[in-house]
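[1] Following is a predicted model, sequence given first.
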Amino acid sequence: MNLLKSYFNSQIKHKLLNIKTKPLARRFRRMSAKRVFIGKGEIKHISSRVIITFYVYNTEGMFLSHKIMKLRNGLYFPKRKLEKRVTKDSEGKTIITYNRLFTLLEYLGLRQHYEGYLTYMINTVNKLTSELDVLNKYYKSLTSLVQEKILTKEERLLIYNNKVKNYYSFNYPNFNSYLRIAKEEYKKNLVINMKLLKYNKVKFTRIFVSKLLSLVQKIYNKKVEFNVVNLKKMHLNSDIYTQAVSLKLRNRDNKLYRVLKASLRKIKLPIISKIDEKQIKPNRDEFLVNKIRNNIISTMFLNNKKRHNNNDRLDNLLLNYFPSADDLEINLIKRSSIRKRTISLKSYILRSIKHLKLRGIRIEAKGRLTRRFTASRSVFKMK
């Protein structure tokens, strides 16, 4: 599992992704919850191969996709109108703020781009004229050497031409190229997050996982198969849930009870009325498994022979319990009346699953959970 954790939480150099920003430091990356959590897997050995099933909760991919969606909506599809707010600070200076991010068209249409383009062109012209002045002074010094008969006119022309060849000829950019550079600079944050999300998804592809398989096969000396189960909720695997809570508790700025309460708020439990459960007692004979158990196999086949003309008795038997229809009629028992309601075959089977809904959750924290750097006693807390 340590090999899987190190693989899925590996980071690529930003230079390879053409990202100019520095990556997060290692000690901050270890404390960050924006990572790929790997739960304890199940290993099944067969004579020819090993099947490893492990659970994955990709918080890094969820965070990046949510951030990209917010940036994309802010740049292209804003939901609110742009409102300007003018305030003053303690020194009396006016501060202008806006209620949302500028869209790409609004940002490119700002007046400051035209003013910035003019100042940029003025600076380039001044730079070019100063370099031309240097060339004129150099030519004058060469002509003085010719007058003193130190150099000939041909030598002066040759030296001056070599100097001009090394001279940087500047191409004046037009306004559209300037706007293109401003557009790329404004979209830089969106592009960086898209590259990081793409790398996060690439780690789950077959080409990259095959490199990991070759390392695991050397450990077991067999063929290895991976069954990756991507979880949408953290609490669906208790090991991943405890990893996330313990990671938050390692940060001494976080308080114990706040972390435990925040972790419990993420889990949605159904509202269950204990009074209704006590009053309504389900009929166990109506369950699908009990229907089959309470019947004798020989009587099943005899009844099917009379009812159906089909020679396949097993097919006829299964059609009694699993009809070939999309909608089934079931009795919906309430306090006073019985109502019939149509239900699909898939949902009918799912209703008979034992562990379908989460009834409750309990989380325990043990150890030296004080925020001070002292050798205090271990504490046991439960929520």
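    On my side now, so go ahead. Numbering: from 1, shown residues only.

[2] For residue 4, which non-adjacent residue is spatially closest?
    Taking CB to CB, 6 or more residues apart in numbering, and ignoring the residues beside it in sequence, residue 4 has residue 38 as its nearest neighbour in space, at 5.0 Å. For every residue, glycine as well, the C-beta is placed using N, CA and C.

[3] Could you list everything that neighbour pairs with in the sheet?
    Each beta-bridge partner of residue 38 is listed here: residue 56, as defined by DSSP bridges.

[4] List the buried residues in whatever helix or strand residue 53 lives in.
    For residue 53, the host element (DSSP states H and E) is strand 49-58. For strand 49-58, burial by neighbour count (16 or more other CB atoms under 10 Å) applies to 50, 52, 54-58.

[5] elements contacting that strand?
    Taking 3 or more CB pairs under 8 Å, 6 or more residues apart in numbering; DSSP states H and E as contact, the helices and strands that strand 49-58 lies on are strand 36-38, strand 42-45, strand 223-230, helix 238-250.

[6] Just say which of the ones you listed is most tucked in.
    Of all the helices and strands packed on strand 49-58, strand 36-38 carries the top mean neighbour count, a mean of 22, counting by mean count of other CB atoms under 10 Å.

[7] Show me how far it is from its chain's centre.
    Averaged C-alpha coordinates place strand 36-38 at 12 Å from its chain's average position (CA atoms, centre = their mean, to the nearest Å).

[8] same check, this time on stretch 9-28
    Chain-centre distance of stretch 9-28: 16 Å, with CA atoms, centre = their mean.

[9] what's the span of it, first residue to last?
    Counting by CA to CA, to the nearest Å, you get 13 Å between the two ends of stretch 9-28.

[10] in this structure, what secondary structure element scores lowest on mean pLDDT?
    Among the secondary structure pieces of the chain, namely its helices and strands, helix 297-307 has the lowest mean (mean pLDDT, DSSP states H and E), a mean of 48.

[11] Who are the contact partners of the residue most central in space within the chain?
    Here the mean C-alpha position of the chain is nearest to the C-alpha of residue 61 (CA atoms, centre = their mean), at a distance of 1.6 Å. For residue 61, the contact set (CB atoms under 8 Å, 6 or more residues apart in numbering) comprises 36, 197, 200-201.

[12] what's the answer for residue 161, then?
    Under the criterion of CB under 8 Å, 6+ apart, residue 161 has no neighbours.

[13] what about it, helix or strand, and which?
    Residue 161 is part of helix 153-165 when elements are defined by DSSP H and E.

[14] and after that helix, which helix or strand comes next?
    Reading on from helix 153-165 to the C-terminus, the next helix or strand found by DSSP H and E is helix 175-186.

[15] My read is that residue 163 contacts residue 138, right?
    Yes. Judged on CB atoms under 8 Å, residue 163 makes contact with residue 138 at a distance of 6.4 Å.

[16] picking that back up, so for the residue nearest to the centre of the chain, what's the pLDDT?
    pLDDT for residue 61: 92.

[17] got it, and residue 341?
    The model reports residue 341 with a pLDDT of 66.

[18] ok, now residue 32?
    For residue 32, the pLDDT comes out at 85.

[19] before we move on, what about residue 355?
    Looking at residue 355, its pLDDT stands at 61.

[20] Domain boundaries for this protein, per the record?
    2-78+190-265, 108-186 (automatic domain parsing).

[21] just the strands in this protein please.
    The residue ranges that make up the strands of the chain, judged by DSSP state E, are 36-38, 42-45, 49-58, 84-88, 94-98, 223-230, 327-333, 338-344, 364-367, 379-382.

[22] which residue sits closest to residue 106, ignoring its sequence neighbours?
    Spatially, and ignoring its direct neighbours in sequence, residue 106 is nearest to residue 82 (6.8 Å; CB to CB, 6+ apart).

[23] from memory that neighbour sits against residue 99, does it?
    Yes. In this structure, residue 82 is within contact of residue 99 by CB under 8 Å, at 7.1 Å.

[24] ok, and the closest non-adjacent residue to residue 104?
    Nearest non-adjacent residue to residue 104, counting by CB to CB, 6+ apart: residue 75, 5.0 Å away.

[25] low pLDDT regions in the stretch 151-300 of the chain?
    166-172, 273-300 (pLDDT under 70).

[26] give me that answer again for 50
    Along the stretch 151-300 of the chain, the model assigns pLDDT under 50 to residues 300.

[27] Number of residues surrounding the closest residue in space to residue 13 that isn't next to it in sequence?
    The shortest distance from residue 13 to any residue other than its chain neighbours is 7.6 Å, reached at residue 23 (CB to CB, 6+ apart). As a burial measure, the neighbour count of residue 23 was computed by other CB atoms under 10 Å and equals 15.

[28] and what of residue 259?
    By the other CB under 10 Å criterion, the neighbourhood of residue 259 contains 21 residues.

[29] Tell me who's in contact with the residue nearest to it when sequence neighbours are not counted.
    Spatial nearest neighbour of residue 259, excluding adjacent residues (CB to CB, 6+ apart): residue 248 at 4.7 Å. If a contact means CB under 8 Å, 6+ apart, then residue 248 has 33, 254, 259, 262-263 as its contacts.

[30] So which of those residues are in helices?
    With helices identified by DSSP state H, the entries of these that belong to them are 259, 262-263.

[31] if we can go back for a sec, out of the contacts of residue 61, which are buried?
    Applying a neighbour-count criterion of 16+ other CB under 10 Å, the buried members of those are 36, 197, 200.

[32] correct me, but the first one touches residue 59?
    Yes. Judged on CB under 8 Å, residue 36 makes contact with residue 59 at a distance of 7.3 Å.
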